[in-house]
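Participant: kindly generate the corresponding structure for this input.
(one chain, ligands or ions: 1)
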Amino acid sequence: MAGSVKAVVAPGIGMTSDRTRARMVERLRASGIADQKVLAAMLAVPRHAFVDEAIASRAYDDSALPIGWGQTISAPYIVARMIELLRNGRKLGKVLEVGTGCGYQAAVLARVAHEVYSVERIGQLLEKTRARLWPLKIRNLRLKHTDGSLGLPEAAPYDGIIVAAAAAAIPQALLDQLAPGGRLVIPVGVDEQQLMVVERREDELMKSVIESVRFVPLLEDTA
Ligand code: SAH
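Facilitator: Residues are numbered from 1 along each chain as shown. Next comes the predicted model:
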C-alpha cells in the first residue's frame, strides 16, 4: 500500500524540491529582486504546499495559479517585488495583507515582518487556508474573515499594508491606517492596472506608480 502511494507521489517530487525553489530564487534575482531578506523568505517558504496537488508541479513557474473560488495566487516575481517595495530596506513591525487567498504571500510576509495580519473576504477560502497553514505553525500571523477595503482598524496603525487585489481607487481606510513612514503597496485600476506605492510622510502622502500589473478585483463586503 505504502509503495503504491510513493509511486503516485514520486513524479512530482523533482518539481517541488528545494532545488527547484532555489532555481526560482535565482530567476527572481536575475529579474532584479535585490532584497536579500525577501529572497531568503522566498527560498524558505514551500510554494508548492499552497496550491492543490494537481498543479503543485507548476508552483515554481513564474506564473499565477488558480486557488479556487475564481481567485489566483500571484506569480513569484510579483510577490517578491511587492514585498521588496513594502519593506524598502526597513525593518517591518506590523503589516496588514488584504487578500489572504491561499496564504502563500502571508507566509512569506511572516518571515520579513515582526507581526502579520491578513484578511480575506471569502469565508470558505479562508477556512481552507487556515487548515493548510495550521501545520506550518506560523506564530506571528493572524487571519481574519473581513472586508479588507476597510483595513483592519483593531490592529492599526501598520508599518506596511499590501493589497493582493486591484482597487478601482485607493481605499481611504487603508491610508488612514498607515503609521508615519508606513508604506501601502496596491494595484490600482479597473481595465488598466498600475502597481502603486503610497508612503506616509510627516504631513503628506507620497504616491508613486511602479509598473503595469494584472490582479483580480478588490471587492467590497464578505462572502
Ligand atoms: N495573497 C494571495 C493572493 C490571493 S488573490 C495569495 O498568496 O494567495 C486576492 C485575494 O483577495 C482573493 O482571495 C480575494 O478573495 C481577496 N479579496 C478581494 N477583495 C477583498 C476584500 N475587500 N477584502 C479581503 N480580501 C479580498
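Participant: neighbours of Gln193, just the number please.
Facilitator: 19 (other C-beta atoms under 10 Å). No exception for glycine: its C-beta is placed from N, CA and C like everyone else's.
Participant: for it, what are its contacts?
Facilitator: 166, 187, 212-215 (C-beta atoms under 8 Å, 6 or more residues apart in numbering).
Participant: mind listing the helices for the protein?
Facilitator: For the chain, applying DSSP state H gives helices covering 2-13, 18-30, 36-44, 76-87, 104-112, 123-133, 172-176.
Participant: for these, which one ends up most surrounded?
Facilitator: Across the helices of the chain, the average number of neighbours (mean count of other C-beta atoms under 10 Å) peaks for helix 104-112, which reaches a mean of 25.
Participant: angle of that helix against helix 123-133?
Facilitator: Put simply, helix 104-112 runs at 50 degrees to helix 123-133, going by axes from the mean of the first three to the mean of the last three C-alpha atoms, to 10 degrees.
Participant: show me where pLDDT drops low in this protein?
Facilitator: Residues of the chain meeting the criterion pLDDT under 70: 1-16.
Participant: ok, of the contacts of Gln193, which come out buried?
Facilitator: In those, burial by neighbour count holds for 166, 187, 213, 215, counting by 16 or more other C-beta atoms under 10 Å.
Participant: in these, find the pair that's most separated.
Facilitator: Across these, no pair lies farther apart than Ala166 and Val213, at 7.5 Å, counting by C-beta to C-beta.
Participant: which residues are common contacts for these two?
Facilitator: 187, 193.
Participant: quick check: closest non-adjacent residue to the residue nearest to the spatial centre of the chain.
Facilitator: Residue closest to the mean C-alpha point of the chain, counted by C-alpha atoms, centre = their mean, is Gln105 at 2.7 Å. Among residues not flanking Gln105 along the chain, Val79 sits closest, at 5.2 Å (C-beta to C-beta, 6 or more residues apart in numbering).
Participant: that neighbour against Met42, yeah?
Facilitator: Yes. With contacts counted by C-beta atoms under 8 Å, Val79 reaches Met42, the gap being 7.4 Å.
Participant: what is the neighbour count of Val177?
Facilitator: You called it Val, but residue 177 is Gln. Look at Gln177: counted by other C-beta under 10 Å, it has 21 neighbours.
Participant: pretty sure it contacts Leu150?
Facilitator: No. Judged on C-beta under 8 Å, Gln177 makes no contact with Leu150 at a distance of 9.3 Å.
Participant: returning to that earlier point: which of the helices of the chain sits closest to Trp69?
Facilitator: Closest to Trp69 of the helices of the chain, according to C-beta to C-beta: helix 123-133, at 4.9 Å.
Participant: what is the closest one packed up against?
Facilitator: If you count contacts as 3 or more C-beta pairs under 8 Å, 6 or more residues apart in numbering; DSSP states H and E, helix 123-133 packs onto strand 65-68, strand 141-145.
Participant: got the angle between the last one and helix 123-133?
Facilitator: Spelled out, it's strand 141-145. Using the same axes, to 10 degrees, strand 141-145 lies at 160 degrees relative to helix 123-133.
Participant: partner strands of strand 141-145 and their direction?
Facilitator: strand 113-120 (parallel) (DSSP bridges).
Participant: what comes up buried for the strand it pairs with?
Facilitator: Under the neighbour-count criterion of 16+ other C-beta under 10 Å, strand 113-120 has 113, 115-120 buried.
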